[in-house]
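Student: I'd like to go over a predicted model; first the sequence, then the structure.
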Amino acid sequence: MGRRGLSESSSDAAFVAFERVQKSYDGENLVVKDLNLSMPKGEFLTMLGPSGSGKTTCLMMLAGFETATHGDIMLDGVSINNIPPHKRGIGMVFQNYALFPHMTVAENLAFPLQVRKLGKSVQEEKVHRALGMVQMNDFAGRRPSQLSGGQQQRIALARALVFEPELVLMDEPLGALDKQLRETLQFEITNLAHELGITVVYVTHDQTEALTMSDRVAVFDDGRIQQLAPPDQLYEQPENSFVAQFIGENNTLEGVVQEIKGDACVVKLDSGDIIDAIPVNVQSVGDRTKVSIRPERVEYDKSRLKDGAHTLKAEVLEFIYMGDIFRTRLRVAGTDEFVIKSRNAPDQTRLKPGEMIEIGWLPQDCRALDA
Amino acid sequence: MTDAAGPVLAADGTPLKKSLNRALRRQKMRALMLIAPLLLFILITFIWPIAQMLLRSVENQIVSDVLPRTVVAVVEWDASTEEAPGDPVFEALAQDMMVAVEQKQHTRLGSRLNYETTGVSSLFRKSGRAVDEMGELAMDQFVALDEGFEAPANWAVNLGTADWNAALTDWVNNGEEGNAPRFAADPGAAEALPQTTRLYGDFANFVASDGDNPLDEDIWPILFHTLAQELPSADLSSVAGTGLPLVAAQGPVAGFETEDIKAAFIDIDEDWASVEVWQTIQTYSPDFTNGYFLNSIDMQKSPDGAEWRPEDQQIYLTLFWRTMLMSFVITCSCILLGYPVAWLLANLPASKANLLMILVLLPFWTSLLVRTSAWKVLLQQQGVINELLVWIGLVGDENRLALINNATGTIIAMTHILLPFMILPLYSVMKTIPPSYLRAAKSLGATNWTAFWRVYFPQSVPGIGAGSILVFILSIGYYITPEIVGGTKGVFISNRIAYHISSSLNWGLAAALGSILLAIVLIFYWMYDKIVGIDNVKLGG
């Protein structure tokens, strides 16, 4: 009783909450290590991470197909640890769609309504409405095998929504589709989720998907959430070098913190060069650090740099024309993998291999992270 | 690219279609050559025997082959008169029997007709021993009239063509190398004395086929009888040969004392006067018969068409029905026992599933006979199971369960033997059902049972279908196990087929029973295709 009161107060606005959840399959290794997460109603949260990072396990625990080894999973303030999956009322979209092949589209959609013993007319109306949501009304009589991948995905989505769950889980639902279809469906899913006001937990290993769809993204690695933040924050202000590396393209320079002054610091790179950065994950002078800088934030036009900014010498190794942008690979401070991106504007200079340039950046774009 | 109206050309100028065909033909030929041994093997060991079986189930040439004259003569006979046929039929029978006895065909025919009417076999064998005495009365009178009738050469000159006679002489002069030339009837003789000429032809050909000289062998007595019958009223103007003193004999022969062939036959065995025997001969005289098939469904031929056999002779319909029913029970028990095992196999972790799979396959590596005999040990009245039940006290010592030598024994043993045939297709289908379906169903609110029944089970139906077809068809034709554990109440139709093949030697009936079995299987297959759809049968993948 006391415990329940505590958890309710600690997660007031939380609709879904993981409290100190651990999961082990073999009793020796933890797949999920001490997971704490709470999300409000109506949020679109994405669990992003490399395979084996524990994100799908988290989703399966939430759906009820796996049990947590330790900790509580709360739904709307109630622990659902001991509630079987079919009583949780959580909609779920599977990676391979899991549409029942022996039923038509309409029968697939009616299935959750039938097991809830709704009346025939109510069923029909709801199925019709759900199919309308995904613009698939014409396909009610088809079998799943007669549909394309994108259509099947739409039906799977409609089926997860038809019984009006408040929480919908999606396990890499777009993984099997081609790029263009994926982008269309990303857009449709987010729109639908916001229109209906449902809470979505979305699992993917595709960072673009995570960034474009979510309200917040939880980056998983090694059974932990590395960072939980809105997409822009995640991209621009990664909290550690894993997140910086995992999200988007990133340049890493390694060195030692030489000086910390409030929200600015100076890092001496291993090559001896000195650069400016903001201290994110470094505590004291002398700490080793990986400095992260996004390719599009690197400047080689001196006029755009602050006075007194530190600059680095760079040799152009490769120039790649990519249409909308130019991607240039440089040798900087001992690494050959330093990449800068510039917009293909009319006045943009096209660098040539062998050219020597100077590059720099605004200190706030350069983050000193853990080594 | 080129002229749109003309055919598309390949790079070397030949029409594209042609060069494509050529390219494909080589592939096809190669493929065909690879499968040729198998194709040939199947053709020889499968298609050919089945065709033979189908043919044998309706084939009936033996009657018209052995009794060609009788079969023609008896057509006119009306069985409803309740009297044996008249003299002409017996005359024909005597001629046919003479030939048949010499060729030793009459016993074969006897056993063939014995399938239809018991006693015919011994009737033919008995008559065969006496038939060569028929006609001796006529022979004696002819020889007394003119000694020339006794010389075989005279018969040859009179009844055969000049060419045949010449060839025969050549053959004799050449040291009787090989067989004598086949008889060629002189047209004039055949016109004047048709029966005599024909019978002499049979005589000459038989002697020739024996490697002997027709000019040396004694003429069959029945030939004299036939000649005595025909000669008086014959127009001899067309007979050119001058061996036998036919013209001179024509007058005296009319005064010959004639032998009553019919009486002679009835004297040998009074069954020849039996309407039933003659009915059988008449009914089975066509080259093809549905008699075997009628027999297979407990019917028989009668003058008024097909009719049911007497109650106490009906056996096959019961057997067919029992075979069907027990196969159905066996199939059902295989489904009940096999489904959970297949489910376990498909859902256990690989290492445990492999162990279980070995247990499933183990019976395949044990001899069928050993397994079946093991059931005998287990199931008999003093066997392991009964002893155990008595020891527990579940069953009294005096009323031990009869588990063997009846239908129960057959069902138990055959379910065990056919179980792998159910488990394996089920397993391979279940293996392809992703666990996410069950999860999806549960996430949509279905209980474990609903999820299984509405989502998992329908998808495993193709496996059940494949397994059921396999088990049902295998068990419908099963033979060894029912033979060993089935007693009398637990045997199948196949045991009866085996009996007719190896013991009663009534291959025609066995073939008909087999053909019916084949038809039943095909009908079931067709029904299954209509109801479940054969596309839905999966043995894997």
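Tutor: Yep, that arrived.
Student: And the next helix or strand past the longest helix seen in chain B?
Tutor: Criterion DSSP state H: the longest helix present in chain B is helix B:316-347. Going down the chain from helix B:316-347, the next helix or strand is helix B:350-361, by DSSP states H and E.
Student: tell me which strands and helices the helix or strand just after that following helix is in contact with?
Tutor: Counting by DSSP H and E, the next helix or strand C-terminal to helix B:350-361 is helix B:368-379. Here helix B:368-379 touches helix B:384-392, helix B:407-431, helix B:480-485, going by 3 or more Cβ pairs under 8 Å, 6 or more residues apart in numbering or on different chains; DSSP states H and E. Every C-beta, even on glycine, is put in place using the N, C-alpha and C of the backbone.
Student: Beyond the longest one, next helix or strand please.
Tutor: Right, the one you point to is helix B:407-431. Helix B:407-431 is succeeded, C-terminally, by helix B:436-443 (DSSP H and E).
Student: Can the following helix or strand past that next one be said to contact chain A?
Tutor: Moving toward the C-terminus from helix B:436-443, the next helix or strand (DSSP H and E) is helix B:448-450. Yes - using Cβ under 8 Å from any Cβ of the partner chain, a contact is recorded between helix B:448-450 and chain A, made by B:448, B:450.
Student: thinking again about what came up before, how about the helices and strands packed on helix B:368-379, which one is nearest chain A?
Tutor: The minimum distance between chain A and these falls on helix B:407-431, with 12.3 Å, by Cβ to the nearest Cβ.
Student: between that closest one and helix B:350-361, how big is the angle?
Tutor: Calculated by axes from the mean of the first three to the mean of the last three Cα atoms, to 10 degrees, helix B:407-431 forms an angle of 150 degrees with helix B:350-361.
Student: Now do helix B:407-431: distance to the chain's middle.
Tutor: For helix B:407-431, the distance from its own C-alpha centre to the chain's C-alpha centre is 31 Å (Cα atoms, centre = their mean, to the nearest Å).
Student: by contact count, what packs against it?
Tutor: helix B:316-347, helix B:350-361, helix B:368-379, helix B:457-476, helix B:480-485.
Student: and A:E236, how many residues sit next to it?
Tutor: 15 (other Cβ atoms under 10 Å in any protein chain shown).
Student: For chain B, what lies in contact range of chain A?
Tutor: Selection of chain B residues close to chain A by Cβ under 8 Å from any Cβ yields B:434, B:436-437, B:439-448, B:450-451, B:454-455, B:458-459.
Student: what's the neighbour count on A:V115?
Tutor: Neighbour number of A:V115 under other Cβ under 10 Å is 19.
Student: where does the chain have low pLDDT?
Tutor: Going with chain A. Residues of chain A that meet the criterion pLDDT under 70 lie in A:1-13, A:308.
Student: that answer is for a different chain, and I need it for chain B
Tutor: B:1-6, B:241, B:536-541.
Student: Minimum distance to chain A, which residue of the stretch 51-200 of chain B gives it?
Tutor: Residue of the stretch 51-200 of chain B nearest chain A, by Cβ to the nearest Cβ: B:L54 (39.6 Å).
Student: Please enumerate the strands of the stretch 101-250 of chain A.
Tutor: Assigned by DSSP state E, counting those that start in this stretch, the stretch 101-250 of chain A shows strands spanning A:167-171, A:199-204, A:216-221, A:224-229.
Student: quick one: the strands in chain B?
Tutor: B:299-302, B:305-308 (DSSP state E).
Student: Mean neighbour count for those strands - can I get that in a markdown table?
Tutor: Conversion of these to a markdown table gives the following (neighbours: other Cβ atoms under 10 Å in any protein chain shown):
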| stretch | mean neighbour count |
| --- | --- |
| strand B:299-302 | 17 |
| strand B:305-308 | 12 |
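Student: out of those, nearest to B:C334?
Tutor: Of all those, strand B:299-302 sits nearest to B:C334, with 34.0 Å by Cβ to Cβ.
Student: what lines up beside that closest one in the sheet?
Tutor: Applying DSSP bridges, strand B:299-302 is found paired with strand B:305-308 (antiparallel).
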